[in-house]
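Enquirer: What shape does this take:
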Amino acid sequence: MSNRVSGKKVFFKNASGQRIAGILQTPAGEGPFSAIVLCHGFKGRKEDPVLKAAADELVENGFLTLRFDYSDSTGESGGKFENATVTHYLRDAEKALSFTRSLKKTRPDRIGMAGHSLGGLLCGLIAARKKINAAVLFAPVSEWLGTRYGEPGFQKEWREKGHAIVHSYSRNKDFRINYSFNKDAVKYSLYKSAKKISCPVLIVHGTGDESAPFSESEKLFRLLKKPKKLVAVSGADHRFGQKKWLERAAEETTGWFIEWIKCAPST
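Expert: As a prediction, the model looks like this:
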């Protein structure tokens, strides 16, 4: 884990004309390179430790990487977090994918995605649309109501007030989120989409996760087609909050993409 490649700030527009901010890391050399797009979770941002650890490891192994903030998120992109929806984030993730694929140093036929938490849901949904060669899901949200935000008491209060106040550990700050997010989020399920996913999928999930239980990934893993792999990171919390957990996630991710993108036969 030496000789880190620093990232370059990049910007592009989503379908609504909002500015999307990203960090592009490109390996040394002429390219073109296999590429990975990394998606953050609910209340997260592109600088989140698990995304940065994975991106750094990937670029050292010859992958071009893009981390980005959705619009209407807690990061640098346009919009307000309170107006967010999963549908909106999904469109931004697909735009980030097409932006990365269009870069001169990207091999458009060798591209994957990795996502943390809600970002894992997005990556899985995009994989079901046959748009990527392989995926890695970090502590994914397989269904919104399976997370702590699906608890009946929280749901009732959110519905009655029309909004909720949630805490972003990434920003160490509280944010308001409208109930429209919840109404939209419940429409999506990786359990229902799993049969449509044909690319190789790696799930990396901590057994100590209290936000999105490890059992949810066990269920998803059973539904996925092969090639697939489930890595249980003993004791790890939802954010992979210790160095050893981050390193494990980054190493597993890099190995998976080397096998199924970089070294896979051309199709």
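Enquirer: Please confirm that residue 245 is located within a helix.
Expert: Yes: secondary structure assignment (DSSP: H, G, I helix; E, B strand; the rest coil) places residue 245 inside a helix.
Enquirer: so it touches residue 236, yeah?
Expert: Yes: between residue 245 and residue 236 there is a contact at 4.2 Å, judged by CB atoms under 8 Å. For every residue, glycine as well, the C-beta is placed using N, CA and C.
Enquirer: any residues in contact with both of those two?
Expert: For the pair residue 245 and residue 236, residues contacting each of them under the criterion CB atoms under 8 Å, 6 or more residues apart in numbering are residue 206.
Enquirer: out of those two, which sits in the busier spot?
Expert: The neighbour comparison of residue 245 against residue 236 (other CB atoms under 10 Å) goes to residue 236, with 26 against 22.
Enquirer: Please report how far the residue nearest to residue 146 when sequence neighbours are not counted lies from residue 230.
Expert: With CB to CB, 6 or more residues apart in numbering as the criterion, residue 146 has its nearest non-adjacent residue at 5.0 Å, and that residue is residue 216. Between residue 216 and residue 230 the distance is 11 Å, computed by CB to CB, to the nearest Å.
Enquirer: which residues do these two both contact?
Expert: Common neighbours of residue 216 and residue 230, using CB under 8 Å, 6+ apart, do not exist here.
Enquirer: Who has more neighbours out of those two?
Expert: Applying other CB under 10 Å to residue 216 and residue 230 shows that residue 216 carries more neighbours, namely 21 against 17.
Enquirer: Would you mind checking the average pLDDT for stretch 182-193?
Expert: Stretch 182-193 comes out with an average pLDDT of 97.
Enquirer: Ok, stretch 217-233 next?
Expert: Average pLDDT, stretch 217-233: 98.
Enquirer: end-to-end on that stretch?
Expert: 12 Å (CA to CA, to the nearest Å).
Enquirer: now that stretch, how far from the centre of its chain.
Expert: Its chain's C-alpha centre lies 16 Å from the corresponding centre of stretch 217-233 when counted by CA atoms, centre = their mean, to the nearest Å.
Enquirer: What residues of it count as buried?
Expert: Buried residues in stretch 217-233, counting neighbours by 16 or more other CB atoms under 10 Å, are found at 217, 220, 221, 224, 228, 229, 230, 231, 233.
Enquirer: Which of those residues fall within strands?
Expert: Among the buried residues of stretch 217-233, the subset assigned to strands under DSSP state E consists of 228, 229, 230, 231, 233.
Enquirer: what's the closest of these to residue 48?
Expert: The nearest member of those to residue 48, counting by CB to CB, is residue 233 at 16.0 Å.
Enquirer: just checking, that closest one touches residue 250?
Expert: No: checked against CB under 8 Å, the pair residue 233 and residue 250 is beyond contact range at 11.4 Å.
Enquirer: Let me know whether residue 111 touches residue 98 as I believe.
Expert: No: assessed by CB under 8 Å, residue 111 is found out of contact with residue 98, at 10.1 Å.
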